[in-house]
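> coordinates only, sequence not included:
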């Protein structure tokens, strides 16, 4: 019986060893909106902490962290992350297998759609 308990503890600890998050450092130098394509004066940055075991993620920004829904794309290394703000606005970040990324912000402000997309890269740290 003791051997079984030890085996279970070893297996659980091995799983926990692999549960460390992957950190993506995302940098977006350009964006587009209804007026066209623009360059930020200084690249806009966010970080994403992604746990590969639990498939959970958090956006790390200047204002703190926010829980994200994670979508793994079938048969690729690509990921998408979804945030729904308290106001009901939808934000998505997609990262392809080559580290290219797009951050889409779809907001309703004053009853009108305000959408932007930022383009850049997310590098796995």
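Ah, there it is. The model shown is predicted, which means the values in this text are computed figures rather than measured ones.
> how close does residue 65 sit to residue 114?
Between residue 65 and residue 114 the distance, using Cβ to Cβ, to the nearest Å, works out to 24 Å. For glycine as for every other residue, the C-beta is placed from the backbone atoms N, C-alpha and C.
> all the strands of the chain, residue numbers only.
21-33, 36-51, 56-61, 64-72, 79-84, 90-95, 100-109, 112-124 (DSSP state E).
> export the ones you listed as JSON lines, with columns for mean pLDDT.
Supplementary listing: the strands of the chain in JSON lines, determined by pLDDT from 0 to 100:
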{"stretch": "strand 21-33", "mean pLDDT": "96"}
{"stretch": "strand 36-51", "mean pLDDT": "96"}
{"stretch": "strand 56-61", "mean pLDDT": "94"}
{"stretch": "strand 64-72", "mean pLDDT": "95"}
{"stretch": "strand 79-84", "mean pLDDT": "97"}
{"stretch": "strand 90-95", "mean pLDDT": "97"}
{"stretch": "strand 100-109", "mean pLDDT": "96"}
{"stretch": "strand 112-124", "mean pLDDT": "96"}
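> how about CSV for these, with mean neighbour count added?
Output for the strands of the chain, formatted as CSV (neighbours: other Cβ atoms under 10 Å):
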stretch, mean neighbour count
strand 21-33, 16
strand 36-51, 14
strand 56-61, 18
strand 64-72, 14
strand 79-84, 18
strand 90-95, 19
strand 100-109, 16
strand 112-124, 15
